[in-house]
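S.K.: below is the sequence, then the predicted model.
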Amino acid sequence: MMMSRARRIYCTCYALMLLGLVVLHFLPLRWHPPTPQEQWNNFREWLGPAPEGLQAENWPTDAPSHSGIIFTFPAAAEKQAELIDRFSLAAKPRGTSPLPVHWKARLAPEQPVLTAYRKTWMDAAMVSGYDVWDMTMAPLNDGRILLAFRFRWDNEFGGRSIIMPACAAAPERPVQLWPYLILGSQAIIFFLLAPLGFLLLFPGYNPRRGKHIILWFATALIFPIAALCLYMLTYSSTDALAAYIGLCLLLVPVQLIGAGILLLLLRLVIACRPPKGTAPRIGAS
C-alpha cells in the first residue's frame, strides 16, 4: 500500500529530528572544562590563593559520588609550610591510597611523601563541607610540588577532624544559561518526543482508543525506567543510586504531564483536520 503524502512528510520530519539529536550530541555545546585555577578555587577557602604555574589532573575514584584531584605547582617554601601546618601533613603511614603509577614515577627520590588523615573541610556556615581523604603532598623530580586528595560534598561529619576556612571563597563564576537551555531541549526531545513520535509511525495507532491511550503514557515512561534499570546494573554506590531513583521519581510525573499535553494537542489536530477526501490525515496509511 502506498504511503500517503502526510505520512511521508511526518516520517521525514521524524527522521530529521533523530538526525538532529545525533548531530547535537557531538557538537561542542558542553561547558568548557574547568581550568586548574577554577578547580583550585573550589577549595580556596581551605587551600588559600592558587599558586602560580598551577596544573591539575583528575584522580580517578571507584564511586560516582567521589572525586579526586591532583594539583602540581612550582615549589614555594611558604606555601608548602602553610599547607603542612594547616592539614597536619607528615611523613607517616596514614592509610592513604597510592598515587597513580605515572605520578609515583615522577616523585623526587629520597624525598618524604607527606600524608594527612581523613578530615572535613567545613564551610563558613558550619552546615556542610568537603569530606577529604587520601591527601598527599610530595616533591617531584622536576622541582614542582604535587598536592592530591579525594573528596565529596558532605553534611555528615561523624568523628572526623574539622578544618575551618582560612580565607575568603573565590568569586562565583558567571553562569551561562544557553548550554542548559540547549541540553534541556535535547533531553526533552530524546525522552519524550522521540518515543511518542515513534509510536505515531504506526498507521494503526489511534489516540482515541482506550488501549492506545494507555500505550501512549506507557511509552512516555520507557526511557526513565530503562535508564534506572541500566544504572542499577552498572553502579553499586548506594548514595548515588538513591539520588538517581529520586531523579527518576521526579522525572516520571514530568513525562506523564508532557505526554498528556501532547496527546491533547494531537487529538486537537485530528479534530481540526480537513473533511475526509480533501486532505490526507496524519497517521493515515
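M.R.: Done, it's in.
S.K.: these two touch, right, residue 166 and residue 46?
M.R.: Yes - judged on Cβ atoms under 8 Å, residue 166 makes contact with residue 46 at a distance of 6.1 Å. C-beta: built from backbone N, CA, C; applies to glycine.
S.K.: measure residue 115 to residue 108 for me?
M.R.: Separation of residue 115 from residue 108 (Cβ to Cβ, to the nearest Å) stands at 16 Å.
S.K.: pick out whichever of those two has more residues nearby.
M.R.: residue 115 (24 against 17; other Cβ atoms under 10 Å).
S.K.: so what's the more buried one up against?
M.R.: 89-94, 96, 134-137 (Cβ atoms under 8 Å, 6 or more residues apart in numbering).
S.K.: what do you get if the cut-off is 7 Å, keeping everything else the same?
M.R.: 89, 94, 96, 135-136 (Cβ atoms under 7 Å, 6 or more residues apart in numbering).
S.K.: could these go into CSV alongside secondary structure, distance to residue 148 and pLDDT?
M.R.: Converted to CSV, those look like this (DSSP: H, G, I helix; E, B strand; the rest coil; distance: Cβ to Cβ, whole Å; pLDDT from 0 to 100):
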residue, secondary structure, distance to residue 148, pLDDT
89, coil, 12, 96
94, coil, 13, 89
96, coil, 9, 92
135, strand, 7, 96
136, strand, 5, 97
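S.K.: how distant is the longest helix along the chain from the center of its chain?
M.R.: Taking DSSP state H as the criterion, the chain has its longest helix at helix 238-271. Here helix 238-271 is found 20 Å from its chain centre; the criterion is Cα atoms, centre = their mean, to the nearest Å.
S.K.: so for that helix, mean pLDDT?
M.R.: Mean pLDDT, computed over helix 238-271, is 79.
S.K.: done for today, thanks.
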